[in-house]
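Asker: fold the stuff below for me.
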Amino acid sequence: MIIHDVVGIGFGPANLALAIALEEQGTGLSARFLEARTEPAWQPGMLLDGSDIQNHPSRDLVSLRNPRSRYSFLNYLHENGRLLEHLNLPIEFPLRKEYARYITWVARQFGHVVDYGCRAEEVRVVEQDGESLYAVTAQTGETYLGRSLVVAPGRTPYVPAPFDTAGSRRIFHLTDYLFRLQEFTSDRAPRSVAVIGGSQSAAELTLDLARRFPDARVRNLVRSFSLRLKDTSPFSEEGYFPAFTEYYHQVPPEARRRLDAYMHATNYSSVDGDVLKELYLLMYEQRLDGEQKVFVDGNIQAVAAAEQDGKAVLELRELNTGAVETDSFDLVVVATGFRDLGPGEHQELYPRVLKDVADRFLTEESGALRVSADYALEAAEAYAGTPPLFLNGLCESSHGIGDAGSFSLLSLRAQTLLDAIHKRTLVPAGA
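Answerer: Numbers count the residues shown, from 1 in each chain. As a prediction, the model looks like this:
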């Protein structure tokens, strides 16, 4: 059986950036990646008309690490004959659809290092010829051996109560949005849809539903007072600089929580100004015409959810007055984000695929995995021979807002990981 220097779980943007770095720097390290999807795809359920990526296009898979790379977004535009036209677009950030095609374009050039349709199911540590290795078993039954492991499966969708136990396909997370629309609206437009959450995605979904189904009642339900403007201050944006990541990793947990509170509005429970303006104007004009169909209702929490007679029925409580109402919808989109790694109520202590090896590694007092500055997990003394294991794109609780699932530090993190793999892998290829 082939032993790879690097086995990667997941081949989304994070591990794709690592694969590019491995190739461009001619490391001589052999790598193999496992990807559950059957083909390259980036957020296929959320490629909404008109939505953008919310960050500078040069914060792509490579440019901060290697501005001369042929795998940059700029070169993608050039090679596809759209550079000049794209530069003339009257928008600040690229369309999400365009960026998804860029990622697919790059990924197709790395098909030789990835197995698609290959979901990792189990990770174990095995001994072979006196060497400790990771054995990753896929859903297909095939096993991959690696001297190091890089885990980048993406974050788990967060579906809070009561939606997590509703048991209805009419109630679904935003990652399934376009697929469920196709399932439920191909023969009849919905008459009513609820969008749960106060995020950028929630506001974009509310607008998208209003455009697709202009006769439908669309209700955005928000637990806070209403939708909040995103913090786009250039000073706050320095939280997405590598210097902030280094600083964040060095401070104690209570300091990290203070920093989290400050940075929260740069990425969570907040909406870009252009989207807020468009949504507010739409609602105002509908009221002006005496036919309001789109609503943003704050201070509302769903306390029960179920499917009844082909409808998703929600029991809703006004958080300040305690008033309770019942409303029914054809569809309910849960736009409540994703779980990060950590000890919090809505977090996960470790990626599920690591359930059989997680006890080999040190944890913080909180129970969260102890993650080094170079994204390696630290083996406990009793498991000192455990081969290197790295987390790629899952470390917001240890590395700060730059690891919050955005592209901001993707390429620089790939360099950090590559350096760490060189340093920590005991037996590199060809030795």
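Asker: helices of the protein, start to end?
Answerer: For the chain, applying DSSP state H gives helices covering 13-24, 73-79, 83-87, 96-108, 177-185, 200-212, 242-250, 253-263, 273-288, 396-399, 410-424.
Asker: tell me which of the ones you listed lies nearest to residue 360.
Answerer: Among the helices of the chain, helix 410-424 comes nearest to residue 360, with 14.8 Å by C-beta to C-beta. All C-beta spots, glycine's among them, are computed from the backbone N, C-alpha and C.
Asker: pLDDT (mean, whole number) over the closest one?
Answerer: Across helix 410-424, pLDDT averages out at 95.
Asker: buried residues, it. List them.
Answerer: Using 16 or more other C-beta atoms under 10 Å as the test for burial, helix 410-424 gives 410, 411, 412, 413, 414, 415, 416, 417, 418, 420, 421, 424.
Asker: how about stretch 211-223?
Answerer: 212, 213, 216, 217, 218, 219, 220, 221, 222, 223.
Asker: contacts for that stretch?
Answerer: Contact with stretch 211-223 is made by 49, 181, 185, 189-198, 202-203, 206, 209-210, 227, 293-302, 316, 319, 327, 329-330, as judged by C-beta atoms under 8 Å, 6 or more residues apart in numbering.
Asker: start to end distance for that stretch?
Answerer: 24 Å (C-alpha to C-alpha, to the nearest Å).
Asker: and for stretch 255-270?
Answerer: End-to-end for stretch 255-270, by C-alpha to C-alpha: 23 Å.
Asker: domain assignment for this structure?
Answerer: If you go by automatic domain parsing, the domain ranges for the chain are 3-154+340-424, 157-230+268-338.
Asker: columns distance to residue 242 on top of those domains, output as JSON lines?
Answerer: As requested, the domains of the chain are exported to JSON lines (distance: least, C-beta to C-beta, whole Å):
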{"stretch": "domain 3-154+340-424", "distance to residue 242": "6"}
{"stretch": "domain 157-230+268-338", "distance to residue 242": "21"}
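Asker: just tell me which of those domains ends up closest to residue 243.
Answerer: domain 3-154+340-424 (10.0 Å).
Asker: report the contact partners of the nearest residue to residue 225 once chain neighbours are set aside.
Answerer: Spatially, and ignoring its direct neighbours in sequence, residue 225 is nearest to residue 298 (4.7 Å; C-beta to C-beta, 6 or more residues apart in numbering). For residue 298, the contacting residues are 222, 223, 224, 225, 226, 227, by C-beta under 8 Å, 6+ apart.
Asker: read off the pLDDT value for residue 298.
Answerer: On the pLDDT scale, residue 298 gets 98.
Asker: could you measure from it over to residue 319?
Answerer: 9 Å (C-beta to C-beta, to the nearest Å).
Asker: before we move on, what about residue 74?
Answerer: Counting by C-beta to C-beta - residue 74 and residue 319 are separated by 47 Å.
Asker: equivalent analysis for residue 155, please.
Answerer: Distance from residue 155 to residue 319, by C-beta to C-beta: 27 Å.
Asker: same question for residue 237.
Answerer: Residue 237 is 31 Å from residue 319, by C-beta to C-beta.
Asker: more neighbours, these two?
Answerer: residue 237 (17 against 14; other C-beta atoms under 10 Å).
Asker: in space, what's closest to the more buried one - neighbours in sequence excluded?
Answerer: That would be residue 266: by C-beta to C-beta, 6+ apart, it lies 6.9 Å from residue 237.
Asker: and the buried residues of stretch 211-223 as JSON lines, adding distance to residue 273 and pLDDT?
Answerer: Shown next, in JSON lines, are the buried residues of stretch 211-223 (distance: C-beta to C-beta, whole Å; pLDDT from 0 to 100):
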{"residue": "212", "distance to residue 273": "23", "pLDDT": "97"}
{"residue": "213", "distance to residue 273": "25", "pLDDT": "98"}
{"residue": "216", "distance to residue 273": "26", "pLDDT": "98"}
{"residue": "217", "distance to residue 273": "26", "pLDDT": "98"}
{"residue": "218", "distance to residue 273": "21", "pLDDT": "98"}
{"residue": "219", "distance to residue 273": "23", "pLDDT": "98"}
{"residue": "220", "distance to residue 273": "17", "pLDDT": "98"}
{"residue": "221", "distance to residue 273": "22", "pLDDT": "98"}
{"residue": "222", "distance to residue 273": "17", "pLDDT": "98"}
{"residue": "223", "distance to residue 273": "21", "pLDDT": "97"}
